[in-house]
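1. quick one: sequence plus predicted model below, questions after.
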Amino acid sequence: MLGQDNGCHLPIRRRELLLAGASSAVAAGTGVPASADAASAPAPRTGVPTASVTLAVNGQPHTLTLDTRTTLLDALREHLQLTGTKKGCDHGQCGACTVIVDGRRINACLTLAVMHPGAHVTTIEGLGTPGKLHPLQAAFIEHDGYQCGYCTPGQICSAVAMLDEVRQGIPSHVTADLNVQPLLSVDELRERMSGNICRCGAYSNIVEAITEVGGGAA
Amino acid sequence: MKPFTYERATTPAQAAAAVVRQPGARFIAGGTNLLDLMKLQIETPPHLVDVNALGFDTIATTPDGGLRIGALVRNTDLAADARVRRDYAVLSRALLAGASGQLRNKATTAGNLLQRTRCPYFYDTHQPCNKRQPGTGCSAVGGFSRQLAVIGASPACIATHPSDMAVAMRVLDASVETVDADGRARTIPIADFHKLPGGTPQVETALAPGELITAVTLPAPVGGTHVYRKVRDRASYAFALVSVAAIVQKDGSGRVALGGVAARPWRDERAEAHLPQGAKAVTDRLLAGAEPTPGNAFKLPLAERTLAAAIAQATSQASARP
């Protein structure tokens, strides 16, 4: 909790400082301010295939011209500076990059940005703000559902979409009867969240946080 | 990742033609396996043909009472389909036993069949691997083989097919529908779809270059109690050491396929005819001729015990049903 508060109240964070430096260098060189999407975005190397895609991220449309290799994760972090979504393993094994695309949670590291024309992407930045937290963000703070916090944005995005999956009646590996509406037991919650790894091992508090928000919903 | 050009196909024939035209080109649908392999430079396609706009994303009832599952139907949607849950529960169970919620939301029916082995030597580009680089040798023979095949393998390759879904598809006698660049369609029985390694472990399926899967069809429901039992090194989100897909009828007869033991789902209709005599009667025949390594010989007794547990589970579920 201390870390979270410090992060919110510091006048400027390390990454913003680095970006500010890069932007001012560009502005000084060209004499014009760079557009929001282009600011500090890595330019594709010449000769490398590129493609354009328009994504709605947290309600804002963005048109990007990207090296075709750019994952959705890298597009969010490196091109749109939405660094709340984390890169953990970059191979779909840890869940730190979980975002919600057209209402479904996916691993942003295992999909190409250019494969999502017109998609609606929700990241941790779109769920809530420091002044108006999403109920799951508030519950993670209340229940101390993290230690280092690196997996937390992925945990929260995953949990938001997971609760929706339960509401829709999507079964899981531990659902006893496939033909009845699943309930959000602790066993169900742990199985459904197994794609999100927490190296600090804050699982018991994560379970409490999600149960507080989702317990009545299922 | 190596650079690649990208196109979004709008017709199946266009997609197939684009892959035929450019050697090494690949279709991409969910991408959850292919992109992982591209990051590791195990796959280095110069061109990707995105097939997500082709519309193969519905599940329809067939005239003979079966189901036609579009190639692009996501694993989550297939597992959650009310008809699948009711009449093909072994398929729902197998899908739900695989991967994570995030991956199942993206992974497709066709892509699941086409996923590559998780053999650690296939993944390590510093090691010889006949599947990744034909002719270089197999590091798994004599290496770490806990996850690998006990039957149907060859001196060239002892990789296993990692899919849970495919094991259920095999026990359900599914068929794979395809189309090629000339628009010709054909149907491949699931039993013939995955190839054993022999001397060419790089050839994994019956598909010709550019041949595109359009659907997987299931025959009419066969009733019985459906069980998918998966044994793995952790409780969730891990590949099978051994899995059993079983459909058990009231009289004790039924069907059995094993996962985690070979380069394809392992089923033998003559072996499963002995199901009323119990698990050992089946696995003695189903796994006759197995050649395990010292590192995976445990899979033989494990397969028998997992089948015994599956039969017990089916019996208990059947008696609990009103």
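-> Done, it's in.
2. residue ranges of the helices in the stretch 1-150 of chain B, please?
-> In the stretch 1-150 of chain B, the segments counted as helices under DSSP state H, counting those that start in this stretch are B:12-21, B:34-39, B:75-80, B:82-87, B:89-96, B:101-106, B:109-114, B:120-123.
3. give me the residue at the spatial middle of chain B.
-> Geometric centre of chain B, nearest residue: residue B:166, 3.1 Å, by C-alpha atoms, centre = their mean.
4. look at the residue lying closest to it once chain neighbours are set aside and report its pLDDT.
-> Spatial nearest neighbour of residue B:166, excluding adjacent residues (C-beta to C-beta, 6 or more residues apart in numbering or on different chains): residue B:265 at 5.2 Å. For glycine as for every other residue, the C-beta is placed from the backbone atoms N, C-alpha and C. Residue B:265 is assigned a predicted lDDT (pLDDT) of 98.
5. count the residues that sit near residue B:265.
-> Using other C-beta atoms under 10 Å in any protein chain shown, residue B:265 is surrounded by 27 other residues.
6. quick one: contacts for the residue of the stretch 101-250 of chain B found nearest chain A?
-> Nearest residue of the stretch 101-250 of chain B to chain A: residue B:236, at 3.8 Å (C-beta to the nearest C-beta). Residues near residue B:236 by C-beta atoms under 8 Å, 6 or more residues apart in numbering or on different chains: A:173, A:190-191, A:194, B:100.
7. related to what we said a few turns ago, which of the helices of the stretch 1-150 of chain B sits closest to residue A:150?
-> Residue A:150 sits nearest to helix B:101-106 of all the helices of the stretch 1-150 of chain B, at 16.9 Å, using C-beta to C-beta.
8. which strands and helices lie in contact with the closest one?
-> strand A:104-107, helix A:152-167, helix B:75-80 (3 or more C-beta pairs under 8 Å, 6 or more residues apart in numbering or on different chains; DSSP states H and E).
9. so which of the ones you listed is the most packed in?
-> Among those, strand A:104-107 has the highest mean neighbour count (mean count of other C-beta atoms under 10 Å in any protein chain shown), at a mean of 28.
10. and the contacts of it?
-> For strand A:104-107, using C-beta under 8 Å, 6+ apart, the contacting residues are A:92, A:95, A:97-100, A:157-158, A:160-162, A:195, B:32, B:76, B:101-103, B:105-106.
11. ok, stretch B:64-74 next?
-> Against stretch B:64-74 from outside (C-beta under 8 Å, 6+ apart): B:29-30, B:51-52, B:54-62, B:78, B:83-84, B:88, B:104-110, B:177, B:212-221.
12. can I get it as PDB, trimmed to CA atoms?
-> Extracted C-alpha coordinates of stretch B:64-74, given in PDB (Å, rounded to 0.1, in the frame of the first residue of the first chain):
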ATOM      1  CA  ASP B  64     -27.100 -36.400 -39.300                       C
ATOM      2  CA  GLY B  65     -27.400 -34.900 -35.800                       C
ATOM      3  CA  GLY B  66     -23.700 -34.100 -35.300                       C
ATOM      4  CA  LEU B  67     -21.900 -30.800 -35.000                       C
ATOM      5  CA  ARG B  68     -19.800 -28.800 -37.500                       C
ATOM      6  CA  ILE B  69     -17.400 -26.700 -35.500                       C
ATOM      7  CA  GLY B  70     -15.800 -23.800 -37.500                       C
ATOM      8  CA  ALA B  71     -12.000 -23.800 -37.600                       C
ATOM      9  CA  LEU B  72     -11.900 -20.400 -35.900                       C
ATOM     10  CA  VAL B  73     -14.200 -21.200 -33.000                       C
ATOM     11  CA  ARG B  74     -12.300 -20.300 -29.900                       C
END
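13. report the buried residues of that stretch.
-> Judged by neighbour count using 16 or more other C-beta atoms under 10 Å in any protein chain shown, the buried positions of stretch B:64-74 are B:66-74.
14. now those residues as JSON lines including pLDDT and distance to residue A:64?
-> Shown next, in JSON lines, are those (pLDDT from 0 to 100; distance: C-beta to C-beta, whole Å):
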{"residue": "B:66", "pLDDT": "98", "distance to residue A:64": "43"}
{"residue": "B:67", "pLDDT": "98", "distance to residue A:64": "39"}
{"residue": "B:68", "pLDDT": "98", "distance to residue A:64": "37"}
{"residue": "B:69", "pLDDT": "99", "distance to residue A:64": "34"}
{"residue": "B:70", "pLDDT": "98", "distance to residue A:64": "30"}
{"residue": "B:71", "pLDDT": "98", "distance to residue A:64": "29"}
{"residue": "B:72", "pLDDT": "98", "distance to residue A:64": "25"}
{"residue": "B:73", "pLDDT": "98", "distance to residue A:64": "29"}
{"residue": "B:74", "pLDDT": "98", "distance to residue A:64": "25"}
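15. flag every residue of the stretch 1-150 of chain B that's near chain A.
-> The stretch 1-150 of chain B has residues B:1, B:3-6, B:8, B:28, B:31-32, B:35-36, B:39, B:48, B:50, B:52, B:76, B:79-80, B:85-86, B:89, B:92-93, B:96-97, B:99-103, B:105-106 near chain A, with proximity defined as C-beta under 8 Å from any C-beta of the partner chain.
16. buried subset of the residues you listed?
-> So, by 16+ other C-beta under 10 Å, the buried ones in the residues of the stretch 1-150 of chain B next to chain A are B:1, B:4-6, B:8, B:28, B:31-32, B:35-36, B:39, B:48, B:50, B:52, B:76, B:79-80, B:85, B:89, B:92-93, B:96-97, B:99-103, B:105-106.
17. what residues does the stretch 201-322 of chain B have near chain A?
-> Contact residues, the stretch 201-322 of chain B versus chain A (C-beta under 8 Å from any C-beta): B:235-237.
18. tabulate those (JSON lines), appending secondary structure and pLDDT.
-> Converted to JSON lines, those look like this (DSSP: H, G, I helix; E, B strand; the rest coil; pLDDT from 0 to 100):
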{"residue": "B:235", "secondary structure": "coil", "pLDDT": "92"}
{"residue": "B:236", "secondary structure": "coil", "pLDDT": "94"}
{"residue": "B:237", "secondary structure": "coil", "pLDDT": "94"}
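19. and the helices in chain A, which stretches?
-> A:2-9, A:14-30, A:72-74, A:124-127, A:135-142, A:152-167, A:186-192, A:203-214 (DSSP state H).
20. quick one: low-confidence residue ranges for chain A.
-> Within chain A, the ranges that satisfy pLDDT under 70 run A:1-40, A:216-218.
21. and whichever residue of it sits closest to chain B, how many neighbours?
-> Nearest residue of chain A to chain B (C-beta to the nearest C-beta) works out as residue A:195 at 2.6 Å. Residue A:195: 25 surrounding residues under other C-beta under 10 Å.
22. name the nearest residue to the residue of chain B found nearest chain A, ignoring sequence neighbours.
-> Residue of chain B nearest chain A, by C-beta to the nearest C-beta: residue B:100 (2.6 Å). Once flanking residues are discounted, residue B:100 sits nearest to residue A:195: 2.6 Å by C-beta to C-beta, 6+ apart.
23. and what of residue B:190?
-> Nearest non-adjacent residue to residue B:190 (C-beta to C-beta, 6+ apart): residue B:174, at 4.5 Å.
24. show me what contacts the one you found?
-> Going by C-beta under 8 Å, 6+ apart, residue B:174 touches B:190, B:216-218.
25. pLDDT at it, what is it?
-> pLDDT recorded at residue B:174 is 98.
26. ends of stretch A:44-51, what's the gap?
-> 10 Å (C-alpha to C-alpha, to the nearest Å).
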